[in-house]
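> requesting a structural model of the entry that follows:
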Amino acid sequence: MLVTKIRKLQLKLVTTTLPLFKFRSFICIKPIEQVKEEKKEHTLNLFLYDIRRTMSSDLSDYKIIKEGEAEILMHAKNEVFYNKTQVNNRDISIAVLRTFISKRKQEHESYLAKRTKGAQKTPENGDSSEVIMEEVEDKPPSEDKKSNGECEVVEEETSAEEPCSTVEDAVKVTEECSTAEGAMNLSEGKGKRELGPPRVLEALSASGLRSLRYAREVKGIGQVIALDNDKASVEACRRNIKFNGSVAISKVESHLADARVYMLTHPKEFDVVDLDPYGSPSVFLDSAVQSVVDGGLLMCTATDMAVLCGGNGEVCYSKYGSYPLRGKYCHEMALRIVLACIESHANRYKRYIVPVLSVQMDFYLRVFVRVYSSASAMKNTPLKLSYVYQCTGCDSFHLQPIGRTISKNTSVRYLPGYGPVVPQECSDCGKKFNMGGPIWSAPIHDQEWVASILADVKSMKESYPAYDRISAVLTTISEELPDVPLFLSLHNLCATLKCTSPSAIIFRSAVINAGYRISGTHVNPLGLKSDAPMDVIWDIMRCWVKNHPVKPQPADQPGSIILAKEPVLQANFARAVASLSKAQAKKVARFLPNPERHWGPKLRAGRQITSKHVSLLGPEAINGALNPEDDEEPKSKKPRTEDDITSQLTN
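Residues are numbered from 1 along each chain as shown. Sure thing, here's the model as predicted:
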């Protein structure tokens, strides 16, 4: 009887599992690509159904935009801001974020190794060893902070045999990171701190594309908070989070909030804070520097380049606390103005910044800085800031440091800088000076970071839609002189003297043969950074003009006054070995043209598209979005056609 029941049960199991086996076999026969495509189509249909159910607009108004691994649904009426040209910005941010996670892990391991080494240096007495162990573990790592490129004396743990080579080697993970929010957790019983995934805050998310790319493309990323104070943007962001699947849903959160208030109410909670506003970031900086953990990363974009480059100096001073000058170096000066502004906001809370990468490209600038807390290191800020004196005649410029230090034994005394660095009139051409600043005159890049970022970008070429552009920019940055603020323009020098221009190789060779350094700059293809003083530069140009005479000019012109003086230095224009950089020698592209026409900033969300936006969007986009009755352009400003001319002639 029992055997009969067992046989019936076996037969039942076989009959029930056979269809399932056939079904699984059928699925396995399908190609993987076909299964993925069907799954993607099914997901798209679900979200389109959700849009149809929750929104009154037509589905044809939406289109799918794919960038990297993220996809978003965008409305054709420009309800939520999306800027295609910022793909360079997003790609380089992802590259920096990957390097930050790697550096952060290295610093944490170095801190643990150092703490363990300090714990092992114990006396023979067992009781005292326990006390020393407790002191080492309880000591906050923020006490190990170093200033920008300088090592402070730390008697407890830093030995004379271990000097710090870079800021990143010196700065360790701090006590804010030991909290649950900050990414370090104490493991029970062991007394060790474990490094958790970094938390990211995107303060102005719009469609959420940047946050989605962070979540899907950056390995090891933690929670990503996307903020916006526009309800339509938050709805679009939440819709896009669902559209990007389980990874995005588990990591990205979208909130309707004022970014300034949110950051102020969440102090030192985020390892990375990303500011990418439409315009100036100045109103967000004060709260942003407070919400970053100690050793965290602040990424900031500014698109108001007309203000930062001297178009409205008084507006720049009101927003950033610095006065710009309209020199050829204005774009680099804009970078340094923003860095000085961030530093001033950080100093109010006993914090300071260390720039790791500063980029000016397209129509905006982007800076990446690490934020640290140290009341003693904050005192070095005046040493990193300078005023700029620019001659109104020959465009020579000179820097005036704000502060200086005097060292005596182990003590350091901080004093105001010596001045003035220039007389009332320019010693080269006799004209007056304009004064601008203060600007950040310390290095704006960390070359070790730049090398790591560039290596990561090249190793993951397929992951970056804008690989060609960002690799070219990073290559140029890697060759810049890190300790030389601002740059010269060879064409501007020749315009002052009214002479023919030497080639960049000849001019570089003359500077190198004179015993100075020279390099290019990523800001301007014609810009040259050099530590040679201006009198040496003008002596080289005087020697060049002797071999290439110019036409007589009025005696009161700056060029005539400069050429009237005999050169003290006799320039050697023989070809120098280092006159070409490694990238130039290998013919690596460093300055690429725009990938398409009308490449520039797009319209702010909510603005009506009219025919006056042709220069921004292109005629194709205008024709697709603009009806004849919507054309608000005055008739007098419309271009005249052949029909208009013939009608006037006949009348």
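> what pLDDT does the closest residue in space to residue 582 that isn't next to it in sequence get?
Computed as CB to CB, 6 or more residues apart in numbering, the closest residue to residue 582 that is not its neighbour in sequence is residue 479, at 7.2 Å. C-beta here means a position set from N, CA and C on the backbone, and glycine is covered the same way. On pLDDT, residue 479 comes in at 93.
> need the contact list for residue 479.
By CB atoms under 8 Å, 6 or more residues apart in numbering, the contact set of residue 479 is 519-520, 581-583.
> closest one of these to residue 72?
Of all the contacts of residue 479, residue 583 has the smallest distance to residue 72: 35.1 Å, by CB to CB.
> shouldn't the closest one be in contact with residue 591?
No. Look at residue 583 against residue 591 with CB atoms under 8 Å: they stay out of range, at 10.7 Å.
> distance of residue 417 from residue 319?
Distance from residue 417 to residue 319, counting by CB to CB, to the nearest Å: 25 Å.
> er, residue 585 actually
Taking CB to CB, one finds residue 585 at 42 Å from residue 319.
> more neighbours, these two?
residue 319 (22 against 9; other CB atoms under 10 Å).
> could you measure from residue 115 over to residue 246?
Applying CB to CB to residue 115 and residue 246 gives a distance of 38 Å.
> which of these two has more neighbours?
Between residue 115 and residue 246, residue 115 has the larger neighbour count (other CB under 10 Å), namely 21 against 8.
> which SS class is that one?
Following DSSP: H, G, I helix; E, B strand; the rest coil, residue 115 is assigned to helix.
> residue 509 and residue 571 touch, don't they?
No. Taking contacts as CB under 8 Å, residue 509 lies outside contact range of residue 571: 9.3 Å.
> centre of the chain to stretch 379-397, how far?
24 Å (CA atoms, centre = their mean, to the nearest Å).
> so which bits of it are buried?
Using 16 or more other CB atoms under 10 Å as the test for burial, stretch 379-397 gives 379-391, 393-397.
> now do stretch 89-108
Going by 16+ other CB under 10 Å, stretch 89-108 has these buried residues: 89-101, 103-104, 107-108.
> helices - which of the residues you listed land there?
Within the buried residues of stretch 89-108, residues falling in helices by DSSP state H are 89-101, 103-104, 107-108.
> can you list contacts of stretch 258-274?
So stretch 258-274 is contacted by 93, 97, 100, 104, 176-177, 181-183, 198-204, 210, 222, 225, 227-229, 255, 283-284, 286-288, 290-294, 296-299 (CB under 8 Å, 6+ apart).
> which residue ranges of the stretch 501-650 of the chain form helices?
Secondary structure of the stretch 501-650 of the chain by DSSP state H, counting those that start in this stretch: the helices cover 504-513, 534-547, 558-563, 582-585, 614-617, 619-625, 642-650.
> which other helices and strands does the third one contact?
This means helix 558-563. helix 490-497, helix 534-547 (3 or more CB pairs under 8 Å, 6 or more residues apart in numbering; DSSP states H and E).
> state the mean pLDDT of the longest one.
To tie it back to what came earlier, the one meant is helix 534-547. 95.
> likewise stretch 385-399?
Mean predicted confidence for stretch 385-399 is 94.
> CA atoms of it as CSV?
Only the C-alpha atoms of stretch 385-399 are listed here, as CSV (Å, rounded to 0.1, in the frame of the first residue of the first chain):
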residue,chain,number,x,y,z
LEU,A,385,45.7,84.3,-2.4
SER,A,386,47.1,87.2,-4.5
TYR,A,387,46.0,90.4,-6.1
VAL,A,388,46.9,90.9,-9.8
TYR,A,389,48.3,94.1,-11.3
GLN,A,390,47.9,94.3,-15.1
CYS,A,391,49.4,97.0,-17.2
THR,A,392,47.0,98.9,-19.4
GLY,A,393,49.6,99.3,-22.1
CYS,A,394,51.6,96.1,-22.6
ASP,A,395,49.4,93.7,-20.7
SER,A,396,52.2,92.7,-18.4
PHE,A,397,50.9,91.2,-15.1
HIS,A,398,52.4,90.8,-11.6
LEU,A,399,51.0,89.1,-8.6
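> which ones are touching residue 471?
Taking CB under 8 Å, 6+ apart as the test, what residue 471 contacts is 454, 457-458.
> and stretch 241-256, how far out from the chain middle?
Distance, centroid of stretch 241-256 to centroid of chain: 24 Å (CA atoms, centre = their mean).
> show residues contacting that stretch.
43, 47, 50, 70-73, 205, 208, 211-212, 215-216, 221-229, 231, 234, 237-238, 240, 262.
> so which of the residues you listed are in strands?
Applying DSSP state E to those, the entries found in strands are 70-73, 224-228.
> of those residues, which is the nearest to residue 422?
residue 227 (46.2 Å).
> list the residues that contact the closest one.
201-205, 254-255, 257, 259, 262.
> quick check: bridge partners of it?
With DSSP bridges as the criterion, residue 227 is bridged to residue 255.
> number of nearby residues for residue 593?
7.
> got a pLDDT number for residue 2?
On the pLDDT scale, residue 2 gets 39.
> circling back: show me the contacts of stretch 258-274 that map onto helices.
Per DSSP H, the subset of the contacts of stretch 258-274 in helices is 93, 97, 100, 104, 210, 283-284, 286-288, 290-291.
> which two of those have the greatest separation?
Across the ones in helices among the contacts of stretch 258-274 (CB to CB), the longest gap, 28.5 Å, separates 104 and 283.
> if I look at residue 378, how far off is residue 412?
Taken as CB to CB, the span from residue 378 to residue 412 is 13 Å.
> which one of these two has more residues nearby?
Using other CB under 10 Å, the more surrounded residue of residue 378 and residue 412 is residue 378, with 19 against 15.
> identify the residues contacting the closest residue to that one other than its chain neighbours.
Closest residue to residue 378 apart from its sequence neighbours, by CB to CB, 6+ apart: residue 352 at 4.9 Å. Counting by CB under 8 Å, 6+ apart, residue 352 makes contact with 147-148, 343, 346, 371-372, 374, 377-378, 380-381.
> list residues touching both of residue 583 and residue 591?
Joint contacts of residue 583 and residue 591 (CB under 8 Å, 6+ apart) are residue 476.
> more neighbours: those two, which one.
residue 583 (16 against 13).
> in space, what's closest to the more buried one - neighbours in sequence excluded?
The nearest residue in space to residue 583 (CB to CB, 6+ apart) is residue 475, at 5.1 Å.
> these two touch, right, that neighbour and residue 457?
No. Contact status for residue 475 versus residue 457: not in contact, 9.7 Å apart, counting by CB under 8 Å.
> picking that back up, so can I have JSON lines of the helices and strands packed on helix 558-563 showing mean neighbour count and distance to residue 528?
Putting those into JSON lines (neighbours: other CB atoms under 10 Å; distance: least, CB to CB, whole Å) gives the following:
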{"stretch": "helix 490-497", "mean neighbour count": "19", "distance to residue 528": "6"}
{"stretch": "helix 534-547", "mean neighbour count": "20", "distance to residue 528": "9"}
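> tell me which of the ones you listed sits nearest to residue 597.
Among these, helix 490-497 sits nearest to residue 597 (CB to CB), with 26.4 Å.
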